[in-house]
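J.: The sequence and its predicted three-dimensional model are supplied below.
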Amino acid sequence: MENIEFEIVNSDCSASLECCNESRVAEVQNKASIANQSNLPVAIIGAGPVGLAAAAELVCRNQRFILLEAGSAVSQNVREWGHVRLFSPWQYNVNKAAKSLLNKQGWKTPPADELPSGNEIVEQYLEPLAELPEIKPYIMLNSKVVAVSKLDTDKMKSANREQQPFVLYVESEGTTKRIVARAVMDASGTWSNPNPLYASGVWTKEERALNEHIFYGIPKMNEENQLKYKEKRVAVVGSGHSAINTLLELATLKEANPETVLYWILRKRNVEEAYGGQENDQLEARGELGSRIHQLVISNQIKVFTPFRIEELIQTDHQIQISGTLNGEYTQISGIDQLIVNTGSRPDFSIINEIRLSIDPATESVEALAPLIDPNIHSCGTVRPHGQKELQHHEKDFYIVGMKSYGRAPTFLMATGYEQVRSIAAYLSGDVETAAKVELELPETGVCSLINATNSSGESSCSTSASTTPSCCN
């Protein structure tokens, strides 16, 4: 090991982390330094909302960290959907520890009940957070984590495994750097890894070859995309809020361009299931999405195919023919000019293949979360509070947080990720009691089709009861 160079965060800071040595990332060859894991940082993968919240929580607890972001700026993924307005107001999108740190710098808190867009989240909250002197020195941009392992220990080896620190392989500036850490939080998300549109969940050569006709996500209705979709036959695939947002944008385009034809392809038993709680939803904007799309469907502005399971795509001239089963009968939808796919996303585990994970085989979520979020069990967007205990893997001090912790399940909210990292940061700092207490309070969706609606105590399994333990930064 003497001949191997490692990079770690060497903050040389006071307990408050308010002063920093100019050499913040140092090369280390001393075995004693590696062996003393308490001197090593916590590595956070991904500088999105949850990754930055993790940094804020660690700052509050005087814990060293390094924040690795593959993009050229923080929250690169959020910027890609920056034009989309969230249905959750500011009060659910700001981490408490981050807010406390920002307020010390004179930050102006956005109105709690206003609905921000993705761009507003970045510009008014995440960028100022990343600029804080307690956080900025420890962010590494253009640093893509390509693998995480245990130092000199592959997945097969068990001897002394828990005593070995983590080592992250990071591609940056044309070289592969190695960063040693005592703990890891993977907050890399799932945005860049969308699901295919085939009902089987399998990517095919045919689907990839139609990239000029298929868009994954919610397209921004700028001048270029208006020309792309207006007066065309456009099919939107998916049944969640992203699909509804897309259809509402296209419906506005259709108002000005009546020749535009809109199709909505879902796998649900009936379209009503996609409307959600509507007026019963405690998030008014989320409920309004369902109400608005409901009106468009009953007014025949959108033609619905459900339950439709896509089995094949065929390009005919400059259009697409969609083949599959509708209510069990073979059906073709011809003459489609453009497809917009909103079928969710899935986690990419390739960078953590050498880590011993605890993953549910169906949802691909952290195993203990699966019963709480599996849409086969319930369709509720409300999830019981959970923290460090539920997020543990077989590998001690390794955590998947944020949207990636939910695997393929579609019900994640930022506030959920904030509570996850609060609990983990408390645990890593030795505050086991606080880590075990939950503070998550999520608004009810107004709909929950539970198979087993209540437990033995008569309480709904979607209960959001939470303690009122204050954040460490309050």
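T.: Yep, that arrived.

J.: Nearest residue to K303 in space, ignoring adjacent ones along the chain?
T.: Y263 (5.2 Å; CB to CB, 6 or more residues apart in numbering). For the C-beta atoms, the positions are set from N, CA and C on the backbone; glycine is no exception.

J.: Can you get me a residue count around that neighbour?
T.: 19 (other CB atoms under 10 Å).

J.: Can you name the residues bridging to it?
T.: A235, K303 (DSSP bridges).

J.: All the strands of the stretch 151-300 of the chain, residue numbers only.
T.: Residue ranges of the strands in the stretch 151-300 of the chain, as given by DSSP state E, counting those that start in this stretch, are 166-172, 175-181, 183-186, 214-216, 233-237, 261-265.

J.: closest to G51 out of those?
T.: strand 183-186 (7.4 Å; CB to CB).

J.: Partner strands of the closest one, with direction?
T.: Applying DSSP bridges, one finds strand 183-186 paired with strand 42-45 (parallel), strand 398-400 (parallel).

J.: Show me what counts as buried in that strand.
T.: A183, V184, M185, D186 (16 or more other CB atoms under 10 Å).

J.: same question, stretch 202-213
T.: E207, L210.

J.: what about the helices in the stretch 101-250 of the chain?
T.: 118-121, 127-131, 205-209, 223-229, 241-256 (DSSP state H, counting those that start in this stretch).

J.: will you turn the strands paired with strand 183-186 into JSON lines that also has mean pLDDT?
T.: Below are the strands paired with strand 183-186 laid out as JSON lines (pLDDT from 0 to 100):
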{"stretch": "strand 42-45", "mean pLDDT": "98"}
{"stretch": "strand 398-400", "mean pLDDT": "98"}
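
J.: Packed most tightly, which of those would that be?
T.: strand 42-45 (a mean of 28; mean count of other CB atoms under 10 Å).

J.: mind checking the SS state of the residue lying closest to K144 once chain neighbours are set aside?
T.: Spatial nearest neighbour of K144, excluding adjacent residues (CB to CB, 6+ apart): A70 at 4.0 Å. Classification of A70 using DSSP: H, G, I helix; E, B strand; the rest coil returns coil.

J.: and A70, how far is that from I45?
T.: 9 Å (CB to CB, to the nearest Å).

J.: Overlap of the contact sets of those two?
T.: Common neighbours of A70 and I45 are listed as V145, S188 (criterion: CB atoms under 8 Å, 6 or more residues apart in numbering).

J.: Least confident secondary structure element in this structure?
T.: strand 25-28 (a mean of 40; mean pLDDT, DSSP states H and E).

J.: about what we covered before: which of the strands paired with strand 183-186 sits closest to R267?
T.: strand 398-400 (26.6 Å).

J.: Give the rounded mean pLDDT of the very next helix or strand once past the closest one.
T.: Heading C-terminal from strand 398-400, the first helix or strand you meet, by DSSP states H and E, is helix 414-428. The average pLDDT within helix 414-428 is 95.

J.: Show me what helix 414-428 is packed against.
T.: Helix 414-428 sits against helix 49-60, helix 96-104, strand 183-186, helix 388-391, helix 432-436, with contacts defined as 3 or more CB pairs under 8 Å, 6 or more residues apart in numbering; DSSP states H and E.
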